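Undergrad: coords below, sequence missing:
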Ligand SMILES: [Zn+2]
């Protein structure tokens, strides 16, 4: 079971209380960008088995979007954090590195 | 048994704003309801007044607010139920993924959650009474669900 804790209201719930919003921290390529960058922005997503960063929404709760760092293979959640950031916070990155020494890091 | 009553004279006002900008309004703590004001999210409150007082309350709130905010009369967009009885906790626990044990959920506590798979907000009024708010569009369904779960033949005494 995947259990997430909403960083806005503090509620811990299982997966069906939330709505998955796909890969986190996408860099937007809009008007003026090259075809390849734009195509990748629109269609290419990471799909790792292991450490992954995602957007989730507390759909049946406070309604807020947030970020989650988790392992897609084990469903271990390393942490959830605010939506108002372009990259994972240092403490969560450090926690993942300690638990998954083989992890290549956030890119 | 537990009694289910639809409260038809409940006025409800949604207020969305940056809480730090609110003056003269005491914002309840996270997931609490206090003095007729319910915490709905980090930037949303539900203000409860009798239906006949909604216009006056809207005018009063309008004066207290400034900057970017949303104020809306949602009285007819929401339905409110009262669920009361010695095993009201058990009735709700059948359909809502919330820890409703007496240690975890007390009068004044509020949760937005789902009941029988529809979105709802619940709070405890006193030791044996909950109030439940849902969208009007699913009110008949939820009323039937609550009555069904409250039948004495379906009694559970877990807590
Ligand atoms: Zn939340």
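TA: Looks like it arrived, so ask away. What you see is a predicted model, and the numbers here were worked out from it, not measured in a lab.

Undergrad: Helices along chain B, start to end?
TA: B:54-64, B:88-93, B:139-150 (DSSP state H).

Undergrad: would you turn the ones you listed into TSV with distance to chain A, mean neighbour count and mean pLDDT?
TA: All C-beta spots, glycine's among them, are computed from the backbone N, C-alpha and C. Shown next, in TSV, are those (distance: least, C-beta to the nearest C-beta, whole Å; neighbours: other C-beta atoms under 10 Å in any protein chain shown; pLDDT from 0 to 100):
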stretch	distance to chain A	mean neighbour count	mean pLDDT
helix B:54-64	21	14	94
helix B:88-93	14	23	97
helix B:139-150	14	18	97
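
Undergrad: So for the closest residue to residue B:81 other than its chain neighbours, what's the pLDDT?
TA: Using C-beta to C-beta, 6 or more residues apart in numbering or on different chains and skipping residues adjacent in sequence, the residue nearest residue B:81 is residue B:132, 4.5 Å away. Looking at residue B:132, its pLDDT stands at 98.

Undergrad: Could you count how many residues lie near the nearest residue to residue B:93 once chain neighbours are set aside?
TA: Closest residue in space to residue B:93, ignoring its immediate chain neighbours: residue B:100 at 4.7 Å, by C-beta to C-beta, 6+ apart. For residue B:100, the count of nearby residues is 21 (other C-beta atoms under 10 Å in any protein chain shown).

Undergrad: Now do the contacts for residue B:100.
TA: By C-beta atoms under 8 Å, 6 or more residues apart in numbering or on different chains, the residues touching residue B:100 are B:89, B:92, B:93, B:159.

Undergrad: pretty sure the third one is in contact with residue B:158, am I right?
TA: If I follow you right, that is residue B:93. Yes. Counting by C-beta atoms under 8 Å, residue B:93 touches residue B:158, with 7.0 Å between them.

Undergrad: could you pull out the strands for chain B?
TA: Under the criterion DSSP state E, chain B contains strands at B:3-7, B:10-17, B:33-34, B:37-41, B:44-50, B:69-73, B:78-84, B:110-115, B:118-126, B:129-135.

Undergrad: Among the ones you listed, show me which one is buried the most.
TA: Of all these, strand B:110-115 carries the top mean neighbour count, a mean of 23, counting by mean count of other C-beta atoms under 10 Å in any protein chain shown.

Undergrad: is that one up against chain A anywhere?
TA: Yes. On the criterion C-beta under 8 Å from any C-beta of the partner chain, strand B:110-115 is in touch with chain A at B:111, B:112, B:113, B:114.

Undergrad: could you redo those residues as JSON lines and give each row pLDDT and distance to the ion?
TA: Listed next are those as JSON lines, based on pLDDT from 0 to 100; distance: C-beta to the ion, whole Å:
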{"residue": "B:111", "pLDDT": "98", "distance to the ion": "10"}
{"residue": "B:112", "pLDDT": "97", "distance to the ion": "8"}
{"residue": "B:113", "pLDDT": "97", "distance to the ion": "11"}
{"residue": "B:114", "pLDDT": "96", "distance to the ion": "13"}
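
Undergrad: Many thanks, we can stop here.
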